[in-house]
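Trainee: Test case, fold it:
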Amino acid sequence: MCKMVFIGINSELTEIPWDENNKDFHVERISDEFKDVIKHFRTNNIYYVGTSEGCGCRFILHPDWLDEGDKEEEKENLNFIGQTNKLVDLITDNVLNGNEVELYCCWSGDYESNFENVETIHISDNDFKDRFEIEEKKLMRFV
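Mentor: Prediction:
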């Protein structure tokens, strides 16, 4: 089962479509498959975001919990950290431009379940990027 990550924003984002031949960070307006997540957002534009894995499971910024010693895995993890930084930059840039940004994560197929808590995150906090972590069934609002 995979983590599915959705971002809501009050303006439109430039989509970065999933490319099976060039797998990377992607941002796509939600399809009908994900329509049940709409109820979680107060913003109008909802997008699915994912890593080169195709899902949100590998959005990571904290490599300290990852397996060390395997050079190939280390290279792969650095790639996922870079993709996570793209997501953090997307959030930060949009908040700084006056947009309301929300993020919600759930397990694949669990789109209609209510979130368990809401967290308001201030991107101006010095440790915002260091503390960035995506949790399931949590709605994150960025200010």
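Trainee: and the worst-scoring helix or strand of the chain on mean pLDDT, what other elements does it pack with?
Mentor: Using mean pLDDT, DSSP states H and E, the weakest-scoring helix or strand in the chain turns out to be helix 128-131, at a mean of 81. In terms of contacts (3 or more CB pairs under 8 Å, 6 or more residues apart in numbering; DSSP states H and E), helix 128-131 is packed against helix 71-96. Yep, even glycine has a C-beta here, placed from its N, CA and C like the rest.
Trainee: So which elements touch the next helix or strand after the helix it packs on?
Mentor: Counting by DSSP states H and E, the element after helix 71-96 in chain order, helix or strand, is strand 101-107. Contacts defined by 3+ CB pairs under 8 Å, 6+ apart place strand 101-107 against strand 3-9, helix 71-96, strand 138-142.
Trainee: Can I get the ones you listed in JSON lines including mean neighbour count and mean pLDDT?
Mentor: Shown next, in JSON lines, are the helices and strands packed on strand 101-107 (neighbours: other CB atoms under 10 Å; pLDDT from 0 to 100):
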{"stretch": "strand 3-9", "mean neighbour count": "22", "mean pLDDT": "97"}
{"stretch": "helix 71-96", "mean neighbour count": "16", "mean pLDDT": "90"}
{"stretch": "strand 138-142", "mean neighbour count": "19", "mean pLDDT": "95"}
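Trainee: Which one of these lies nearest to residue 35?
Mentor: strand 3-9 (11.2 Å; CB to CB).
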